[in-house]
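> Have a look at this prediction, sequence included:
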Amino acid sequence: MRNQEESAISNPVKALPRNPQHPPHHSVSLLLAPTRNNCMNSAKLSAFSAIKTSFNQKSSARRMITYSGLDTLFFQCKNLKLFNQILCQMICTGLVKDTYAASKVLKFSTDSPFIQVDYSHKIFTSIDNSNGFIWNTMLRAFVQGNRAHDSIFLYKSMLKNHFLCIDNYTYPILIQGCSLHLFEFEGKEVHNHVVKMGFSGDVYVANNLINMYSLCGHVGDARKVFDESSVPDLVSWNSMLAGYVLEGSVEEAKLFYSRMPKRSIIASNSMIVLLGRSGRLSEAHKLFDETEEKDVVSWTALISCYEQNLMYGVALDLFLTMRKKGIRIDEVVVVSVLSACSNLLSFRVGKLVHSLVVKTGFESYVNLQNALIHMYSRCGDVWSAQKLFKTGSFLDIISWNSMISAYMKCGLVENARELFDKMPEKDVVSWSSMISGYAQLDNFSKTLALFHEMQHQGVKPDDTILVSVVSACAQLAALDQGKWLDAYIRKNGYTVNIILGTTLINMYMKCGSVESAMEVFNGMELKGVSSWNALILGLAMNGHVERSLNMFEEMKKFGNVPNEITFVAVLGACRHMGLVEKGRKYFDSMIKEYNIEPNIKHYGCLVDLLGRSGLLKEAEELIYTMPMAPDVATWGALLGACKKHGNKEIGERIGRKLIEYQPEHDGFHVLLSNIYASKGNWENVVEIRGIMTKQGVVKTPGCSIIEADGVVHEFLAGDRSHPQMKEIEGMLEEMVGRLKRLGYAPGTSEVLLDIDEEEKETNLFRHSEKLAIAFGLFATSAPAPIRIIKNLRICSDCHVAGKLVSEAFDREIVIRDRHRFHHFRNGTCSCNDYW
């Protein structure tokens, strides 16, 4: 039965000059763009010469294909070869010259997945007696084929040739094309034509205009069309409400919804989504309860509201209620439920949902597969995630990225890298998953290496990647690369938000570049508490304790409320300079003024502060009276203080107890051994070393890293493996000579072995930081500081040597040990020998 469009066929309009070339893809003006060449190209002429010839011939007396037979033939046609046979028969019989028959051919062609739109366009250009239905069919084919610009050019040819069959079906097709591609300019021009051609009163046209303006972000224009519509229908109201929802205009949407003559389930669901997205969960739930006829979308909308607002438990409870009520589920609601399971680490519920998915036949949906992979990986079952990935029928780039993230979260770095290298295509998320994963697993060198590879491939990093790479630079003290990243961020217009800005501050502080950190901080438009914390802690670590405490006061003046981390930084500042009374004052204010309950880190800082200041008994009493069990760092602080102040009695008592409680901890054994060695008790040293050997405890070797010309070099204590070892040995000899001329006497008490003094001196000069200093003296150029990171606390002899080298060679040396920075300049250190 013919529809409304087909009824226009009975009055065909004289055909236009045909064969316009295929339109190029670029933005055009309907009124001002140049006209298009109406000549068919040579390839098209060749392909359709037979058709053109047949069209110009008279109809055959005997027709092999009839109207009644066309539908049967098209029903049986499943490929292009059969279609061409039908088309040739129609040409031979002359049936194709009939407008109705030609429209049937074109409609079948545009609707068939095995016929390309360009082929349909060739058929279209060869139809002589076309009408409005035929033109609309071709316009719709271009729009549905994601070629809206071609539909615009085709419409222009209609205008140019004064084609009179433009109807109320033509403009909705064009407007839909503009909506799909957000062609704002072309959409407005089509609207102008709608008004001029007298179709503005058509509700179908008006509804499409409302939708187009809403999608293009012009809700005001959409509302104007709605208000000017003579008889808005339910679709008009729903389209206008959808515009407010898309814009996120809660109050306007609520007012509009309240005025709707009939509130459809679609409108109610849209409002639930908007209210949930805006955090108005109670209003969303109230509207849900008031909705009489709820469908699966209603339940999905409410469950998603709670899931998106991090109320995962409520989301799961709602899903269970939904199942009890017998409401059918779809893949959308299951994705939200699996997200809730992932965040709650609810492995059991997640597996039950997976079983339900298999039972209902949704498992092949790629979004569901990705959600399941993510759920299993978050819950630690990477092998189930891997099984899903390997057996998945339809995988997309999200599937690959999810599996890479799953491997990384479980520490399976090699599996992740192998999958990453096999990816058919990578997006920025793929790179981010690998780079961030390396950084989180402390593979900082690989973090930087992969970032450089990404740069070579021309991929622009996102904020997550930049944060990870800047953090890697901080850990490796790779200041040159960190500075390059800072410049890259500014040059390429990235917004230095709180997270990225704080990471840059932390990087510069950990590289000892205090003023650069201050520049980043002062240049940040928005500063969070984390930004202030990074600054306060960084200044204290670099020996600027007074500036650090002043910044704490500034922070409070600007209305930023200190948190737990702030007080760790402030107490750390007091610890670095032995400010006992100030430390006690800040500790008390944390409780009394800010109602912050001190945690183990705060008590650890206070114990360290008291111990460093020689108040060993008070520090020990604090450990026994604190409201939680002391951790390794707290006991280590007291043991270190005992060694510093030579208190063998407390040190031995605590040390013996600790190696009994935690026999696998190398730090306790080493500290106790150091206490014995400093007093020359070699028998006890041998005893502790024997206990370590028996327990299989291995002392962490000293390791220092230094960056030179963008390359990070690593040195271990006693290392002789560096390719430039000959130059390093030569520089070490020169260092010893110059330092001894300045009065340097090796602190052989630091050597915890019962060997002769000459061997002790040799052993001292093989410490990792001295090797790094020697390398830095010839591998870096003055006046740039020599920047070194050491994994352990710097020893007294290396500290003395650092001061003297800075004087003897007129070089600034910056060493970051596991506790703080030491800036050596002109024979002095920023710590004032208090560390």
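Perfect, thanks for sending it. Numbers count the residues shown, from 1 in each chain.

> Find the residue closest to residue 275 in space, skipping its chain neighbours.
Counting by C-beta to C-beta, 6 or more residues apart in numbering, residue 284 is the residue found nearest to residue 275 once chain neighbours are left out, at 3.8 Å. All C-beta atoms are positioned from the backbone trio N, CA, C, and that covers glycine.

> Surely residue 542 and residue 515 touch.
No: counting by C-beta atoms under 8 Å, residue 542 stays clear of residue 515, with 10.3 Å between them.

> out of the two, which sits in the busier spot?
residue 542 (27 against 7; other C-beta atoms under 10 Å).

> Next, find the distance separating the more buried one from residue 637.
According to C-beta to C-beta, to the nearest Å, residue 542 and residue 637 sit 20 Å apart.

> ok, now residue 530?
25 Å.

> quick one: which of these two has more around it?
Higher neighbour count among residue 530 and residue 637: residue 637, with 24 against 18, using other C-beta under 10 Å.

> any weak-confidence spans in this protein?
1-68, 164, 678-679, 747-763 (pLDDT under 70).

> what residues are up against the most centrally placed residue in the chain?
The geometric centre of the chain, computed from its C-alpha atoms, lies nearest to residue 464 (C-alpha atoms, centre = their mean), at 4.9 Å. Counting by C-beta atoms under 8 Å, 6 or more residues apart in numbering, residue 464 makes contact with 432, 436.

> switch to 10 Å and redo it
The contact partners of residue 464, by C-beta atoms under 10 Å, 6 or more residues apart in numbering, come to 428-429, 431-433, 435-436, 439, 499-500.

> repeat for residue 655
So residue 655 contacts 635, 638-639, 642-643, 648, 668-676, 688 (C-beta under 10 Å, 6+ apart).

> rerun at 6 Å
Each residue near residue 655 by C-beta atoms under 6 Å, 6 or more residues apart in numbering is listed here: 639, 672.

> right, and residue 498 touches residue 528 too?
Yes: Residue 498 is in contact with residue 528 according to C-beta atoms under 6 Å; the separation is 4.0 Å.

> picking up where we left off before, could I get the contacts of residue 464 in a markdown table, plus columns for neighbour count, secondary structure and distance to residue 743?
Shown next, in a markdown table, are those (neighbours: other C-beta atoms under 10 Å; DSSP: H, G, I helix; E, B strand; the rest coil; distance: C-beta to C-beta, whole Å):
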| residue | neighbour count | secondary structure | distance to residue 743 |
| --- | --- | --- | --- |
| 428 | 15 | helix | 58 |
| 429 | 18 | helix | 59 |
| 431 | 24 | helix | 54 |
| 432 | 23 | helix | 54 |
| 433 | 26 | helix | 56 |
| 435 | 27 | helix | 49 |
| 436 | 19 | helix | 50 |
| 439 | 24 | helix | 45 |
| 499 | 15 | helix | 49 |
| 500 | 19 | helix | 48 |
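
> between those, which is nearest residue 339?
Closest approach to residue 339 among the contacts of residue 464 (C-beta to C-beta): residue 429, at 16.8 Å.

> Nearest residue to that closest one in space, please, no chain neighbours.
residue 401 (4.9 Å).

> So which elements touch the helix or strand in which the one you found is found?
Here residue 401 sits within helix 397-409, counting by DSSP states H and E. In terms of contacts (3 or more C-beta pairs under 6 Å, 6 or more residues apart in numbering; DSSP states H and E), helix 397-409 is packed against helix 366-378, helix 382-391, helix 413-422, helix 428-440.

> List the buried residues for the second one?
For helix 382-391, a neighbour-count test (16 or more other C-beta atoms under 10 Å) marks 382, 384-386, 388-389 as buried.

> Give me the contacts around it.
369, 372-373, 376-377, 403, 406, 410.

> quick one on the thing from earlier: so who does the residue nearest to residue 429 touch?
So residue 401 contacts 429-430, 433 (C-beta under 6 Å, 6+ apart).

> Next one: residue 445 relative to residue 461, how far apart?
From residue 445 across to residue 461, the span is 18 Å (C-beta to C-beta).

> What of residue 102?
Residue 102 is 55 Å from residue 461, by C-beta to C-beta.

> what sits up against stretch 588-601?
For stretch 588-601, contacts defined as C-beta under 6 Å, 6+ apart pick out 564, 567-568, 628, 631.

> switch to 10 Å and redo it
556, 561-568, 570-572, 586-587, 602, 604-606, 626-631, 633-634.

> For it, which residues meet the burial criterion?
Neighbour-count burial for stretch 588-601 [16+ other C-beta under 10 Å]: 590, 596, 598, 601.

> hang on, the earlier thing: of residue 445 and residue 461, which one has the most company?
Using other C-beta under 10 Å, the more surrounded residue of residue 445 and residue 461 is residue 461, with 22 against 16.

> Is the more buried one part of a helix or strand, or is it coil?
Three-state call for residue 461 (DSSP: H, G, I helix; E, B strand; the rest coil): coil.

> Surely it and residue 435 touch.
Yes: the pair residue 461 / residue 435 is scored as a contact, 8.1 Å apart, by C-beta atoms under 10 Å.

> Residues in contact with both of these two, list them for me.
Common contact partners of residue 461 and residue 435 (C-beta under 10 Å, 6+ apart): 451, 454, 467-469.

> Make JSON lines from the residues you listed and add neighbour count, distance to residue 76 and secondary structure to it.
Putting the shared contacts of residue 461 and residue 435 into JSON lines (neighbours: other C-beta atoms under 10 Å; distance: C-beta to C-beta, whole Å; DSSP: H, G, I helix; E, B strand; the rest coil) gives the following:
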{"residue": "451", "neighbour count": "25", "distance to residue 76": "58", "secondary structure": "helix"}
{"residue": "454", "neighbour count": "21", "distance to residue 76": "53", "secondary structure": "helix"}
{"residue": "467", "neighbour count": "22", "distance to residue 76": "60", "secondary structure": "helix"}
{"residue": "468", "neighbour count": "24", "distance to residue 76": "59", "secondary structure": "helix"}
{"residue": "469", "neighbour count": "29", "distance to residue 76": "61", "secondary structure": "helix"}
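
> Of those, which pair is most distant in space?
Applying C-beta to C-beta across those, the maximum distance is between 454 and 467, 14.5 Å.

> Can you give me the neighbour number for the closest residue to residue 549 other than its chain neighbours?
Spatial nearest neighbour of residue 549, excluding adjacent residues (C-beta to C-beta, 6+ apart): residue 573 at 5.8 Å. For residue 573, the neighbour count with other C-beta under 10 Å is 27.

> just residue 316 next, same as before
Residue 316: 21 neighbours (other C-beta under 10 Å).

> give me the element it is part of.
Residue 316 is part of helix 312-324 when elements are defined by DSSP H and E.

> now the helices for the stretch 51-200 of the chain?
In the stretch 51-200 of the chain, the segments counted as helices under DSSP state H, counting those that start in this stretch are 67-76, 80-93, 99-111, 117-125, 132-144, 148-160, 170-181, 184-196.
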